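Asks: model this:
(one chain, ligands or ions: 1)
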Amino acid sequence: MTTATAPAQDLADSAFLKAVRGEPVPHTPVWFMRQAGRSLPEYLRVREGVGMLESCMDPDLVVEITMQPVRRYGVDAAIFFSDIVLPLKAVGVDLDIKPGIGPVVAEPVRTLADVAAIPDLTPEHVPFITQAVQGLVGELGATPLIGFAGAPFTVASYLVEGGPSKEHAKTKAMMFGAPEVWEALMAKIAGIAAAYLEVQVAAGASAVQLFDSWAGALTPADYVEHVMPHSARVLERAGALGVPRIHFGVGTSNLLGLMGQAGADVVGVDWRTPLTQAIGQVGDRAVQGNLDPTLVFAPTDVMTSRAAEVIEAGRAARGHVFNLGHGVIPSTDPDQLARLTEFVQSYPL
Ligand code: 1CP
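Replies: Numbering: from 1, shown residues only. Okay, here's the model as predicted:
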């Protein structure tokens, strides 16, 4: 007599969760940062006339958009469709996500009073997140859902600058010049991020990713002194939930070891750092990455031969989850990502 395996066991046995635990995998698991979004015609269709934040707060739409790349590519994990500024919006910060720009904050944070005016996040602020995650977990079955939050430094940059920034100058000016405001702001965001991850995991997310996209702007010493303790607090609270934690940033060649030590099970690596070098830095941890996102614009054989190099390099890690080195570029041809997914999943290990 054959017994069907329980869905929870199938999920635990998924290639993604095995890889992050450092167990042998049937194939290298693959998903793509920003796999949902503007590169997909089905995304553009459902988003017609619906604002970005509005769509993040509509559970049916979140389920649909999160599922789109899973259906199309058969990737090994889903990433919850939301944005790093969504929890701030949920607690009442006046902000919007403007098309072609990104998050824009109406009244940038400058003083202790500004920080104190931001409420802490409770599950009551985000019932639509709980609903969307529960709906997704039902649809995904054995495919893990990755929940996420923005890390304190990256979220602070939007709050202090008031919008996207290259230099993060006002943010770093606060960090260097107004330490008590900085500490209060980082502690506030860390609390919101951790609470936001707790909501997602309580509703059924199988793993979490902390996006510190702009941490690469920092020297290691400044990262250690002003940022790492706050990210570590978020990762510690996520770890207490028993789910694996991925920690990712861009341009973080000099920070990868520290980002692991902050409390990550998996360190995300952008494309600028050779994976072999990253593995040396993170020690006994899994890695995620790191194909240059522009390689999808190259001929397919060039893209796949470079993907093969990434997979081969990943063998030396405790575990390897294949991804791009940053998000999918909106003009990406989805058919190339389909070929890339197929290539990674059928690559003999
Ligand atoms: O209307 C639209 O389609 C807006 C484009 C868009 C999308 C699709 C934004 C605005 N955010 C998102 C979704 C999103 N954001 C996801 C889920 C999609 C998926 O991965 O499949 C995730 C994980 C994020 C996280 C996010 N938002 C990060 C961290 C990841 C990264 O790319 O480094 C950051 C830095 C943001 C801020 C943000 N939101 C949107 C934009 C254009 C930006 C970047 C702006 C800037 O350059 O500072």
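Asks: can you map out the helices along the stretch 201-349 of the chain?
Replies: For the stretch 201-349 of the chain, the helices defined by DSSP state H, counting those that start in this stretch occupy 220-222, 228-239, 256-261, 275-282, 300-314, 334-346.
Asks: Name the stretch from those that approaches Phe211 most closely.
Replies: Shortest distance between Phe211 and these, using Cβ to Cβ, is found for helix 228-239: 10.6 Å. Using the backbone N, CA and C atoms, a C-beta is placed for each residue, glycine as well.
Asks: Tell me how many other residues surround Gly74.
Replies: Neighbours of Gly74 under the rule other Cβ atoms under 10 Å: 13.
Asks: didn't it look like it was pressed against Leu340?
Replies: No - contact criterion Cβ atoms under 8 Å: Gly74 and Leu340 do not qualify, at 11.7 Å.
Asks: For the lowest-mean-pLDDT helix or strand in the chain, give me every contacting residue.
Replies: Ranked by mean pLDDT, DSSP states H and E, the helix or strand of the chain with the weakest confidence is helix 7-12, at a mean of 91. For helix 7-12, the surrounding residues in contact (Cβ atoms under 8 Å, 6 or more residues apart in numbering) are Leu17, Gly141, Ala142, Thr143, Pro144, Ser206.
Asks: can you redo the helices of the stretch 201-349 of the chain as a markdown table with mean neighbour count and distance to the ligand?
Replies: Converted to a markdown table, these look like this (neighbours: other Cβ atoms under 10 Å; distance: least, Cβ to the nearest ligand atom, whole Å):
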| stretch | mean neighbour count | distance to the ligand |
| --- | --- | --- |
| helix 220-222 | 12 | 19 |
| helix 228-239 | 22 | 14 |
| helix 256-261 | 22 | 14 |
| helix 275-282 | 20 | 17 |
| helix 300-314 | 17 | 19 |
| helix 334-346 | 18 | 12 |
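Asks: Out of these, which is closest to Tyr196?
Replies: Nearest to Tyr196 among the helices of the stretch 201-349 of the chain is helix 228-239; the distance by Cβ to Cβ comes to 9.4 Å.
Asks: Need the per-residue pLDDT for Ala6.
Replies: Ala6 is assigned a predicted lDDT (pLDDT) of 70.
Asks: how close does it get to Pro144?
Replies: Relative to Pro144, Ala6 is positioned 15 Å away (Cβ to Cβ, to the nearest Å).
Asks: Look at these two and report which has more neighbours.
Replies: For Ala6 and Pro144, the more surrounded residue by other Cβ under 10 Å is Pro144, and the numbers stand at 25 against 9.
Asks: helices or strands up against the helix or strand where Ala132 lies?
Replies: Using DSSP states H and E, Ala132 sits in helix 127-140. For helix 127-140, the elements it packs on are helix 59-73, strand 145-150, helix 179-202, judged by 3 or more Cβ pairs under 8 Å, 6 or more residues apart in numbering; DSSP states H and E.
Asks: same thing but 6 Å
Replies: Contacts defined by 3 or more Cβ pairs under 6 Å, 6 or more residues apart in numbering; DSSP states H and E place helix 127-140 against helix 59-73, helix 179-202.
Asks: Mean neighbour count, mean pLDDT and distance to the ligand added to those helices, as JSON lines?
Replies: Shown next, in JSON lines, are the helices and strands packed on helix 127-140 (neighbours: other Cβ atoms under 10 Å; pLDDT from 0 to 100; distance: least, Cβ to the nearest ligand atom, whole Å):
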{"stretch": "helix 59-73", "mean neighbour count": "20", "mean pLDDT": "98", "distance to the ligand": "7"}
{"stretch": "helix 179-202", "mean neighbour count": "21", "mean pLDDT": "98", "distance to the ligand": "12"}
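Asks: any residue of stretch 99-116 up close to the ligand?
Replies: Yes - Stretch 99-116 comes into contact with the ligand (Cβ under 6 Å from any ligand atom), by way of Pro99, Gly102, Pro103.
Asks: Cheers, nothing more for now.
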